[in-house]
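Chemist: what's the 3D shape of this:
(chains A, B and C)
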Amino acid sequence: MLAFGIGLGTKNQKQEWLEVFYPKPVWQPSSALADIVRQQFAVSTNTSVELDADQLESLAEQFAAAGEQELSDATKALIETKQPRVINILLEDSPSRSTPEVYLKLQLISHRLIKPHGINLDGIFGLLPNVAWTSEGAIDLEELPARQLAARVAGRVLEVDCVDKFPKMTNYVVPKGVRIAHTARVRLGAYVGEGTTIMHEGFVNFNAGSEGKSMIEGRISAGVMVGEGSDLGGGCSTMGTLSGGGNIIISVGKNSLIGANAGVGIPLGDRCKVESGLYITAGTKVAVLDDQSQAVETVKARELAGQHDLVFRRNSVNGRVEAVTNKSAVQLNEALHANN
Amino acid sequence: MLAFGIGLGTKNQKQEWLEVFYPKPVWQPSSALADIVRQQFAVSTNTSVELDADQLESLAEQFAAAGEQELSDATKALIETKQPRVINILLEDSPSRSTPEVYLKLQLISHRLIKPHGINLDGIFGLLPNVAWTSEGAIDLEELPARQLAARVAGRVLEVDCVDKFPKMTNYVVPKGVRIAHTARVRLGAYVGEGTTIMHEGFVNFNAGSEGKSMIEGRISAGVMVGEGSDLGGGCSTMGTLSGGGNIIISVGKNSLIGANAGVGIPLGDRCKVESGLYITAGTKVAVLDDQSQAVETVKARELAGQHDLVFRRNSVNGRVEAVTNKSAVQLNEALHANN
Amino acid sequence: MLAFGIGLGTKNQKQEWLEVFYPKPVWQPSSALADIVRQQFAVSTNTSVELDADQLESLAEQFAAAGEQELSDATKALIETKQPRVINILLEDSPSRSTPEVYLKLQLISHRLIKPHGINLDGIFGLLPNVAWTSEGAIDLEELPARQLAARVAGRVLEVDCVDKFPKMTNYVVPKGVRIAHTARVRLGAYVGEGTTIMHEGFVNFNAGSEGKSMIEGRISAGVMVGEGSDLGGGCSTMGTLSGGGNIIISVGKNSLIGANAGVGIPLGDRCKVESGLYITAGTKVAVLDDQSQAVETVKARELAGQHDLVFRRNSVNGRVEAVTNKSAVQLNEALHANN
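Modeler: Numbers count the residues shown, from 1 in each chain, chains lettered A, B, ... in the order given. Now for the predicted structure:
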C-alpha cells in the first residue's frame, strides 16, 4: 500500500466532492496499518470509500491498538461531524481517478511525505472542480450567487478569497519550521522545506517547492524545485512547464541566488547567481567569460543548464549578457562542450 | 432606459452610502421592465431611490408577472433584510452623481453586461468613499478604531483586508467560466472574459480586463483591454492611463504574449510577443528587422503601436532592442510609414 | 518616559505572549501621564506588567482626571475582556526584552508616532514568535493542527492567512489619510505617510515606509524610506538591508519615480527617475551624460547615490546604462568628484 488518508470534506448540492481535508495522511503505512485498512476495505485498486460513524469508530480503535494514537485520535474526531467523510487508499502510483484521490496526493506533498515529481499527477486538472473558496468554506460556483445574496441579506459578507481548482496550502497543513508571510500565494500541493521563509512576494505552485533553508521572495512555478540555501529575490520568475518553459524542467541548485525582478528559463546549478533584473531564457545568447574576464565563447543559455558556479549579468557598458565563471579558458571550453 | 439595479448596501453612522450590492443589475431592460420601473418611480434623470418593503414587494410581483422570475426572486429576497435598500436607474450615459450609481456602473461591467470604456465613469473617484473592507463588512474609516477595539475586547479579530475606494470584484460577482486564484487583486469594475484564468500574480483594475480565453499572470492597468487568446506572463506590466501611460490607451491584441517580468507602454497588435524581462515604453528606440533579420529602420516604439505579428526582444549580444517581423524590407518600410 | 502602551493580546497554551494590540499607544507622555504610570508601576527599566481589572479601572480614572479622555476610554474598554491585558513602559531606547515591548515599538511606528529608524529594534526577531494569523486570531503553530481539525469537524474553515513573525498592520491600526488596496502586504511596523496610496502590488516592510503623498505600487524593503511625492511603479524593487542591499541604507528622495518592474540598490535623491524595467545595483557601471547628452564619465552607480535630478535609463540602441543630468560637463565633473 502506497498511502491512505482519512478525512472530511465538502460536497455540492449534487453530492459531488469539492474538496477533502486529510488531517493525518499516511505514506507507506506499516504492514500493521495496511492490514487494518485492507481488512476493512477489500480494494484491488486506488479507491475512495465514504465512511460512516461505525467504520470510523472501528478504524480508530484498531489504530490505537496498533500503537498509532495520533492517527486514532484524528480518526475519532471525525465521528461527530456532519461533513461527509472518506477514506482514500492508494495501492499504485497511477493517474488519479477521483477528487478525493487528487486531494490526498496534493496533501502528501504538502505534508512533505513525498517530494514534487514523486507521485503521478496526470489528469488532475480534470478531477479538480473549480471552486469558490470562501469565508463559509468551499462553495460550488453554481450555488455561489444564492449564497452571496443570502449572506448579504443576513447582514454578513461572504468573502470569496479564491476561485480556483487549487485551494491554499495553509488551510490544509502548515508544515513544521516555515514562515509564509502571505498564504494566498502557496497552493495546496506545494512542498515547503523546513527552514524556508516565503515572503509576501513569494509564490509556490503545486508539485514545486524548496528544500531546507531558503528565502523565497519570487515565484516558484509548477514543477520547479529550489535547492537548500538558495535565495529567490523579490519578484523573480522561474519558468514552469505549464508557463513558457516548454519541456525543460526548471530547477535551482543549492546556495544559488536569483536577484530581484530577474528570471530563469533554464535549470541553474549550485552557487549560481543571476543579477537583479536580468531574465535568462533558454535562447538568450550568453558570452562565457573565463577567470580572466575574457570571452571564451558565446552560447545559448540552454547550453549552460545545470552548470555550477556561474554568475549571469548584463554588461551595463555594452548590453551583452555574460556568464562569469571561476574557471580558466581551457577548463571552460571543455565544460561547455561536454554535452555536445 | 439604459439600466437599473435593485440592491442592498452599507451606510456609515452619518447615513452616507459606503457601498451597494446589486444581485441582478439589468442592462437595457425590455420595455416591459422599463415600464414597471418608470411607473413606480417618476424619474427624469439618473436617480437613486431608497426602497421600503412595500415597494420591493410590489416590484417583485410585477417582475414575476412580466416573466422575470430571477429578478423577482432577487428583489423579494431584499424584503426581509435590515440593510438599507436602493434602486438606481440610469436613463442616460452621463457623469455619475451618487455612490449607488457608481456601484451600479462598476457591477454592470463586472457582470459583463457592458465592456470597459462602455459607460461614462467620469468623476467616480469623488463619489467612491475610501472604505475599510473587513470581515464584518464595509466600515467607515472614522468608525474603524472603535470597531477594532470592540472586536478585540470580545475576543474576535476584525480582519481589515483592504482600505480603498474599490472593493474586490468577487464579493459582488463571479462571472461565469473564470478562475481567479487570488481575488484580492481584481477590483470591482474589472471585466473578466469567459475562459480567462487569472493566476496569483495577475491583477485587473476597474474599467479594464480580458476577452475570452486568456491567461493573466501580469497586471492589467486601468483602461487596458487584453484580447482573446493572449497570455500575460508572471509579473508583467501594462501601463495604464492612470499610471504612466499618458494619453495613449494601452491594449493587447489577440493571441499575443507578454513575457514574465516584461512590460508595455504601447498598444500591442495581434500575435505579438514581448520577450520575458523586456520593458517597451513608448519612447524606446526599436530597430525593426525584416524577415532576413536585417535592420530596416530604428523607430520609437510608439510608431509600432497596434501593429500585428511583431516579436520584441533585446539582442543579448549587443543590448539593442529589436522588433522582428515576418515581412520583407519593402513591405516593412511601407508599413512603418503608413501613419506618417 | 519615552512611551507606554496599554493593551490586550493573545497567549498560547504555555501562557507565552503571541501578540499584543495597543489601541492608543502613547509616545513621549506628558509629565502628568508619566506620573500616573510611574506611581502605579515602580519601574526602573523597560518593563511589561500584566494588568487586572482593578488596575485598569484605576488607570482609566486617573487618565480621565488628567483630561485624557480617549486614553481613559480605551483603557476602560479593556476591563471587561477575557483576553490577557498588559502595560508596556519604555523608559529608554534600548534593545527589546519582551514580546509586548516589540509590539509596542512596531505600533508606535505604524501609528506614525515615531519614524522608521527612530527607535531601537535590535533583537526583535528573537522576541517575535512565529504565529499563525487566522480568522480565529493568533494561534501558536504547535496548537494549529488541532484547531484546524476542530474547526473542520464543526463545519467551519479556520482560515490561515499568514504564518509569520509580523502580522499585517491594518489589523492593529489604519493611520489617517491612506489607501492600502491589499493589506496583507503591509507589515506591522510600517510607516505609511498621510496621503499615501499603496496599490495591490505595493508592499511595505517594517521599519520602512513613505512620507506624505506617494503612490506605492512597488516594494519598500525593510529600512527603506520613500520621500514625499514619489511614485514607485508597479512591481519595482528597493533593496533592503535584509535583502541584498548590504550596508547601504536605501532611500528614495522627494518627487522621484521608479518605473514599473525597475529596481534600485542605491539611495536615490530628489526628482530622480529610473526607467521602467531597469535595475540599478550599486555595482552597475553608469555612463553619466551632461546636458548636451555627452558622456562625461562612467562610474559605478554607488558613486551617484543620493544625487538629485538624475534620469537613469538603458540606451535601447546600444544597451548602455546611462544617467542623464541637467548639468553641464564641468559642473557634472565637479559633482561626481565631490566625494572623492
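
Chemist: Flag every residue of the stretch 101-250 of chain A that's near chain C.
Modeler: Residues of the stretch 101-250 of chain A lying close to chain C (CB under 8 Å from any CB of the partner chain) are A:135-138, A:161, A:168, A:170-171, A:173-174, A:176, A:178-184, A:200-201, A:215, A:217, A:233-235. (Glycine included, C-beta is placed from N, CA and C.)

Chemist: What are the buried residues along stretch A:293-304?
Modeler: A:Val296, A:Thr298, A:Val299, A:Ala301, A:Arg302, A:Glu303, A:Leu304 (16 or more other CB atoms under 10 Å in any protein chain shown).

Chemist: again with stretch A:205-221
Modeler: Those would be A:205-211, A:213-221, for stretch A:205-221 by 16+ other CB under 10 Å.

Chemist: sec struct for the closest residue to chain C within chain A, please.
Modeler: Nearest residue of chain A to chain C: A:Gly319, at 1.4 Å (CB to the nearest CB). The three-state label given to A:Gly319 by DSSP: H, G, I helix; E, B strand; the rest coil is coil.

Chemist: tell me the contacts of A:Ala77?
Modeler: A:Pro23, C:Leu149, C:Ala150, C:Val153 (CB atoms under 8 Å, 6 or more residues apart in numbering or on different chains).

Chemist: Apply 10 Å and report the result again.
Modeler: Contacts for A:Ala77 (CB atoms under 10 Å, 6 or more residues apart in numbering or on different chains) come out as A:Leu8, A:Pro23, A:Lys24, A:Leu56, A:Ala60, C:Ala146, C:Leu149, C:Ala150, C:Arg152, C:Val153.

Chemist: Restricted to buried residues, select those residues in PyMOL.
Modeler: Here is the PyMOL command that picks out the buried ones among the contacts of A:Ala77, judged by 16+ other CB under 10 Å:
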select buried, (chain A and resi 8+23+24+56+60) or (chain C and resi 149+152+153)
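
Chemist: And the furthest pair within the contacts of A:Ala77?
Modeler: Comparing every pair within the contacts of A:Ala77 by CB to CB identifies A:Leu56 and C:Ala146 as the most remote, at 17.7 Å.

Chemist: any idea how far A:Glu159 is from A:Arg147?
Modeler: Relative to A:Glu159, A:Arg147 is positioned 11 Å away (CB to CB, to the nearest Å).

Chemist: what about those two, which has more around it?
Modeler: Set side by side, A:Arg147 and A:Glu159 show more neighbours around A:Glu159, with 22 against 16, by other CB atoms under 10 Å in any protein chain shown.

Chemist: who touches that one in this structure?
Modeler: Here A:Glu159 is in contact with A:133-136, A:151, B:133-135, B:137, B:159, B:161, B:168, B:170-171, B:183, C:135, C:159 (CB under 10 Å, 6+ apart).

Chemist: before we move on, what SS does A:Gln75 have?
Modeler: Actually, residue A:75 is Thr rather than Gln. When the rule is three-state DSSP, A:Thr75 gets the label helix.

Chemist: can I assume it is in contact with A:Ala66?
Modeler: No: taking contacts as CB atoms under 10 Å, A:Thr75 lies outside contact range of A:Ala66: 11.8 Å.

Chemist: Who has more neighbours out of the two?
Modeler: When neighbours are counted by other CB under 10 Å, A:Thr75 comes out ahead of the other of A:Thr75 and A:Ala66, with 27 against 16.

Chemist: element containing the closest residue in space to that one that isn't next to it in sequence, please.
Modeler: In space, A:Thr75 comes closest to A:Ala60 once its chain neighbours are excluded; the distance is 4.2 Å by CB to CB, 6 or more residues apart in numbering or on different chains. Using DSSP states H and E, A:Ala60 falls within helix A:53-65.

Chemist: sorry, back to before: quick check: neighbours shared by A:Arg147 and A:Glu159?
Modeler: A:Thr134, A:Glu136.

Chemist: Could you verify that A:Leu18 is part of a strand?
Modeler: Yes: using three-state DSSP, the assignment for A:Leu18 is a strand.

Chemist: Identify, by residue count, the longest strand of chain A.
Modeler: Ordering each strand of chain A by length in residues (DSSP state E) puts strand A:3-11 first.

Chemist: All the helices of the stretch 1-150 of chain A, in order from the start?
Modeler: A:31-40, A:53-65, A:69-77, A:99-110, A:124-127, A:144-153 (DSSP state H, counting those that start in this stretch).

Chemist: most tightly surrounded among the ones you listed?
Modeler: Among those, the stretch with the highest mean neighbour count (mean count of other CB atoms under 10 Å in any protein chain shown) is helix A:99-110, at a mean of 26.

Chemist: other SSEs contacting it?
Modeler: Counting contacts by 3 or more CB pairs under 10 Å, 6 or more residues apart in numbering or on different chains; DSSP states H and E, helix A:99-110 packs against strand A:3-11, strand A:17-21, strand A:26-27, strand A:47-51, strand A:85-90, helix A:124-127, strand A:190-192, strand A:208-210.

Chemist: let's see it at 8 Å
Modeler: Judged by 3 or more CB pairs under 8 Å, 6 or more residues apart in numbering or on different chains; DSSP states H and E, helix A:99-110 is in contact with strand A:3-11, strand A:17-21, strand A:85-90, helix A:124-127, strand A:190-192.

Chemist: now the ones you listed as CSV including mean pLDDT and distance to C:Asp270?
Modeler: Output for those, formatted as CSV (pLDDT from 0 to 100; distance: least, CB to CB, whole Å):
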stretch, mean pLDDT, distance to C:Asp270
strand A:3-11, 98, 55
strand A:17-21, 98, 53
strand A:85-90, 98, 62
helix A:124-127, 97, 51
strand A:190-192, 98, 42
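
Chemist: export the ones you listed to JSON lines and tack on distance to A:Cys272?
Modeler: JSON lines is the format used below for the helices and strands packed on helix A:99-110 (distance: least, CB to CB, whole Å):
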{"stretch": "strand A:3-11", "distance to A:Cys272": "35"}
{"stretch": "strand A:17-21", "distance to A:Cys272": "38"}
{"stretch": "strand A:85-90", "distance to A:Cys272": "37"}
{"stretch": "helix A:124-127", "distance to A:Cys272": "32"}
{"stretch": "strand A:190-192", "distance to A:Cys272": "21"}
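
Chemist: so of those, which one's packed in deepest?
Modeler: Note that of those, strand A:190-192 is the most buried (mean count of other CB under 10 Å), with a mean of 29.

Chemist: now, the most widely separated pair of the buried residues of stretch A:293-304?
Modeler: The two members of the buried residues of stretch A:293-304 with the most space between them (CB to CB) are A:Val296 and A:Arg302, at 17.4 Å.

Chemist: and the stretch 1-150 of chain A, which residues reach chain B?
Modeler: A:Asn130, A:Ala132, A:Ser135, A:Leu141, A:Leu144, A:Pro145, A:Gln148, A:Leu149, A:Ala150.

Chemist: So for the last one, what's the nearest residue that isn't a sequence neighbour?
Modeler: Leaving aside its sequence neighbours, A:Ala150 sits nearest to B:Ala77 (CB to CB, 6+ apart; 7.5 Å).

Chemist: So for the one you found, what pLDDT did the model give?
Modeler: We note a pLDDT of 98 for B:Ala77 in this prediction.

Chemist: And it, its phi and psi?
Modeler: phi -60, psi -20 (degrees, to the nearest 10).

Chemist: so where do the helices sit in the stretch 201-340 of chain A?
Modeler: A:329-337.

Chemist: Tell me where the model's unsure across it.
Modeler: Across the stretch 201-340 of chain A, the ranges flagged by pLDDT under 70 are A:241-247, A:339-340.

Chemist: cutoff 80 now
Modeler: Along the stretch 201-340 of chain A, the parts satisfying pLDDT under 80 run over A:240-248, A:338-340.

Chemist: What parts of it come near chain B?
Modeler: Contact residues (CB under 8 Å from any CB) of the stretch 201-340 of chain A with chain B: A:203, A:219, A:221, A:235-237, A:239, A:243-244, A:261-263, A:265, A:277-279, A:281, A:284-287, A:298, A:314-315, A:318-321.
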